[in-house]
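Asks: predicted structure and sequence below. I'll ask about it afterward.
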Amino acid sequence: MSGTATRHPGGVRLFGFHHAGGSSSLFQAWRRLLPDGWELRALDAPGHGTLMGQRPIDDLDDLLAFFLDTVRPEPDVPYAFFGHSMGGVVAYELTRRLVAEGRVPPVWLGVSACRAPGTPLTLRRHTLGDEELRRHVAGLGGTPRQLLDDPGLWGIFGPLIRADLRLVETWESTADRPLHVPLSVYGGHDDASVSPRQLAAWTDQSAAFLGTRLFDGGHFYFSADPRPLLTHVVRDVRAAVESAAQRIG
């Protein structure tokens, strides 16, 4: 993709937000696949990945405050958000917070494998027993078997996953109007935790909704090969950047 892409004059900065119990490593392969001139900033929540030594944040408002201090837009570089699963909640609510505070919002928002605000939960995973939760996480994929099978590692990461799931599953959006930020939604055809109906309900959350796209696979549909997803991400981001430039012009 990088060999044939047309570079945007100012580049694009893409922030990535990871799933419950995950880390920025989810986006590791993206750097070599994104177009020239694009910069990927994959962020870790405290207690995850590169920030594993920090105390985890299990309150959404506190987590948003943390990321508000991390995401520092530059006026000459358009930036965009992509969030997967829990990261979708974070990216969406962070965008709303930026708009509410009168700060420059992302030029585009991408939400992946994340239920829309107001859609009912089919399963409250954070309330499952330990073994049930372990089996559920294993069934979703995306988590190393070593972590799931090793009692010591699960004793460390199991509570972190449960706390992240509690954050997501107790989330109640207070949005009273749609965003004016272009929004794209993605998911897997065989995702057992987020249904196509829950994804489709995102339509009402943006006045510039760009559509819902489903791919082969489950909850982590892009982990083996992110190229099909990134083809659409790049196309949607470029469309949003061009639309913003036309409005300014």
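Replies: Good, I have the coordinates.
Asks: contacting residues for the residue nearest to the spatial centre of the chain?
Replies: For the chain, the residue nearest the mean C-alpha position is Gly83 (1.0 Å; Cα atoms, centre = their mean). Residues counted as contacts of Gly83 (Cβ atoms under 8 Å, 6 or more residues apart in numbering) are 16-17, 89-92, 110-112, 114. Just so you know, the C-beta spots here come from the backbone N, C-alpha and C atoms, and that holds for glycine as well.
Asks: which one of those residues is nearest to Gly37?
Replies: Ranked by distance to Gly37 (Cβ to Cβ), these are led by Gly16 at 17.1 Å.
Asks: ok, back up a step: and the residue nearest to the centre of the chain, that's in a strand?
Replies: Yes: under DSSP: H, G, I helix; E, B strand; the rest coil, Gly83 sits within a strand.
Asks: any low-confidence regions in the protein?
Replies: Residue ranges of the chain with pLDDT under 70: 1-10, 248-249.
Asks: chain center to whichever helix in the chain runs longest: distance?
Replies: Identified as the longest helix of the chain according to DSSP state H is helix 227-248. With Cα atoms, centre = their mean, to the nearest Å as the basis, helix 227-248 stands 17 Å off its chain's centre.
Asks: output the contacting helices and strands for that helix.
Replies: strand 12-17, strand 79-84, strand 108-112, strand 183-188, strand 209-215 (3 or more Cβ pairs under 8 Å, 6 or more residues apart in numbering; DSSP states H and E).
Asks: got a list of contacts for the shortest one?
Replies: In other words, strand 108-112. Strand 108-112 has contacts (Cβ under 8 Å, 6+ apart) with 80-85, 87-88, 91-92, 95, 179, 181-187, 202, 206, 222, 229, 233, 236-237, 240-241.
Asks: what segments of this structure are helices?
Replies: In the chain, the helices defined using DSSP H lie at 60-70, 86-100, 130-140, 145-149, 151-169, 196-200, 227-248.
Asks: measure how far the first one is from the centre of its chain, please.
Replies: With Cα atoms, centre = their mean as the basis, helix 60-70 stands 15 Å off its chain's centre.
Asks: cool, the fifth one as well?
Replies: Counting by Cα atoms, centre = their mean, helix 151-169 is centred 18 Å from the centre of its parent chain.
Asks: what number of residues lie near the residue nearest to Val107 when sequence neighbours are not counted?
Replies: Nearest in space to Val107, with sequence neighbours left out and distances taken as Cβ to Cβ, 6 or more residues apart in numbering, is Pro78 at 4.5 Å. Residues lying near Pro78 (other Cβ atoms under 10 Å) number 23.
Asks: same thing with Gly188?
Replies: 23.
Asks: who are the neighbours in contact with Arg134?
Replies: Contact analysis of Arg134 by Cβ under 8 Å, 6+ apart lists 148, 154, 158.
Asks: now with 6 Å, please.
Replies: Residues counted as contacts of Arg134 (Cβ atoms under 6 Å, 6 or more residues apart in numbering) are Leu148.
Asks: all numbers from here: first residue = 55
Replies: In the new count, where the first residue is 55, that last one comes out as Arg188.
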